[in-house]
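> Provided below are the primary sequence and the corresponding predicted coordinates.
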Amino acid sequence: MTTSETPFAIDPTAPTGDTEFLVAPASQGSAWWLCLFVPPVALILAVYIQIALAIDARVLGSVPDFALVVLVAIALRFGPAWGASAGFLTGVLFDISLQLPVGSSALVLTPIGWGIGVFGVRRRRVSLAMSVLVLLVAAVARIAGDVIVASAIGGQVVGWGLLFVAGTAGAMFTLLAGIVLLPLFRRVLGVPVRSVR
């Protein structure tokens, strides 16, 4: 039986281990380069769009966290190492673009990406509904992490009323963006099926 006839093929981008492996549809084997090209480009575009919207199009003090949607898609698809790397890259891009202390956003997004990757690896298959739920939890964690880091590094006083309104709105906007974008990323990057030997 040839590779094109088999329903699944081993994913070359997957981490190797003793107890688990990733498989992807063999039809995606010819488009393996998408897995290397799409994530970094999508992250850069997401950060750019998010910053542009934050300048001109805030609603209730918030905008959708497009970068977090991309981060969740990458971490669930490729695991903790890719998730942490994507979180670090996203955080550095935000810090440089917004002239924040370099590393402050990465300090929040790196562990979020890693944690999502670990969650994804420990499940045999992550459904679209589960991906959206993970995105919602990640959005809340991002907001809480940003507040903690801003208070610790910058000594900023937190306005809890405004934070609650802006945080709730931001989480809901991010959730809506995820409902639209996560199916697209799952289609482009593929949905891994993890099996235990």
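Arrived safely.
> tell me, what residue is most central in this structure?
Closest to where the C-alpha atoms of the chain average out (CA atoms, centre = their mean) is residue 71, at 1.6 Å.
> surely that residue touches residue 89?
No - counting by CB atoms under 8 Å, residue 71 stays clear of residue 89, with 9.2 Å between them. Bear in mind the C-beta positions are built from the backbone N, C-alpha and C, glycine included.
> now do the host helix or strand of the residue nearest to the centre of the chain: which elements does it pack against?
Following DSSP states H and E, the helix or strand that holds residue 71 is helix 66-78. The contact analysis (3 or more CB pairs under 8 Å, 6 or more residues apart in numbering; DSSP states H and E) places helix 66-78 against helix 32-56, helix 80-98, helix 104-122, helix 128-149, helix 160-189.
> confidence score at residue 8?
Per-residue confidence (pLDDT) for residue 8: 34.
> repeat that for residue 116.
With respect to pLDDT, residue 116 scores 95.
> residues in contact with the closest residue to it other than its chain neighbours?
Closest residue in space to residue 116, ignoring its immediate chain neighbours: residue 75 at 3.8 Å, by CB to CB, 6 or more residues apart in numbering. Applying CB atoms under 8 Å, 6 or more residues apart in numbering, we find residue 75 in contact with 82-83, 86-87, 113-114, 116-117, 120.
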